[in-house]
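In: Here you go, sequence then predicted model.
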Amino acid sequence: MNVTGTQLEIVMNEVTMRYRVEHGDVLALQQVSLSIAKGEFVSLLGPSGCGKTTLLRLMADLLQPTAGEVKVAGGSAGAARLAHKYGIVFQSPVLYDWRKVRDNVALPLEMMKVGKVERMRKADELLELVGLHDFGNKYPWQLSGGMQQRVAIARALSIEPEILLMDEPFSALDEFSRERLNEELLNIWAQVGNTVVFVTHSIAEAVFLSDKVFVLSPHPGRLSAVVDIPLSRPRTSEMRSQPAFFELITHIREQFEGGESL
Ligand SMILES: Nc1ncnc2c1ncn2[C@@H]1O[C@H](COP(=O)(O)OP(=O)(O)OP(=O)(O)O)[C@@H](O)[C@H]1O
């Protein structure tokens, strides 16, 4: 795959992933090819078990494909990982309850042996970016679920990753918090400008956030469609009730073969 004139960040060529299990193996992904441009915001969308997390883990070099190739920033996914090109945000924020919020954000910098003054400065800057500047001295358990996830985003951004991988980061939140965090995430992305790969079950969330949606079908996981989202930016909450938004949702819904529900 090649897109002339566009700098590609992630390229997957015919990627197949089989997990070995006790009695045989599970074909999680079959011959998936895709490309993501530098600075793009893309979503991986599909029903449970279609291989979204597997795809994300392959991109992050946390798994090795059974067949096919994963290229990141012109090299291997392994080289990108060693060069600290990835920030990862999981479904659950995985914060350390005994560390203050600021110290949680600064943790990756601490592991990279960045000096205390610099890492505290950076952590405060990131807490400002995610709208939590007054919460650096609190503990995670003193924050709401949405605030905790914003701390996790700040932490993932602390190493200034070229690529932010997000695995259903808002799926445990109520719909109001989720929609607000969608808008906040886009504001953060507009300032940071990195490449974002966002996993979701929600068609509306994928449409609202993305430049492009990769639609996956299950058993085995395959890429069934790539849908460009031509909505203008910045995206606003009013867009959610506009006809263009609903048309895109309907179009994506139609991509699911056999009426598989999300
Ligand atoms: N470590 C593993 N060992 C065996 N099978 C696995 C493993 N991880 C995932 N699978 C299987 O691979 C397939 C894809 O799983 P994956 O978690 O990537 O899907 P998903 O789309 O992210 O699902 P969900 O939305 O429920 O998180 C599923 O059939 C799953 O059972």
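Out: Done, it's in.
In: Show me the strands in the chain, by range?
Out: Shown for the chain, the strands assigned by DSSP state E span residues 8-21, 24-37, 41-45, 67-72, 75-76, 86-89, 163-167, 195-200, 212-217, 222-228.
In: who's in contact with residue 205?
Out: Contacts of residue 205 were listed using C-beta atoms under 8 Å, 6 or more residues apart in numbering, and they are 43, 170, 178, 182. Quick note: C-beta positions are derived from backbone N, CA and C, even for glycine.
In: Can you tell me which of those residues has the largest number of neighbours?
Out: Per-residue neighbour counts (other C-beta atoms under 10 Å) across the contacts of residue 205 peak at residue 43, which has 28 neighbours.
In: count of residues packed around the residue lying closest to it once chain neighbours are set aside?
Out: Setting aside the residues directly before and after it, residue 43 is nearest to residue 206 in space (C-beta to C-beta, 6 or more residues apart in numbering), at 3.8 Å. Residue 206: 26 surrounding residues under other C-beta under 10 Å.
In: How much space separates residue 206 from residue 196?
Out: Here the criterion is C-beta to C-beta, to the nearest Å. By it, residue 206 lies 12 Å from residue 196.
In: again with residue 59
Out: Taken as C-beta to C-beta, the span from residue 59 to residue 196 is 12 Å.
In: which neighbours do these two share?
Out: residue 163.
In: one step back: from the contacts of residue 205, which single one is nearest residue 32?
Out: residue 43 (14.9 Å; C-beta to C-beta).
In: Pairing partners for that closest one in the sheet, please.
Out: residue 198, residue 213 (DSSP bridges).
In: Do I have it right that it meets residue 204?
Out: No. In this structure residue 43 lies outside contact range of residue 204 using C-beta atoms under 8 Å: 10.9 Å.
In: And the helices in the stretch 101-250 of the chain?
Out: With DSSP state H, counting those that start in this stretch, the ranges of helices along the stretch 101-250 of the chain come out as 101-111, 116-129, 145-157, 175-192, 203-209, 243-255.
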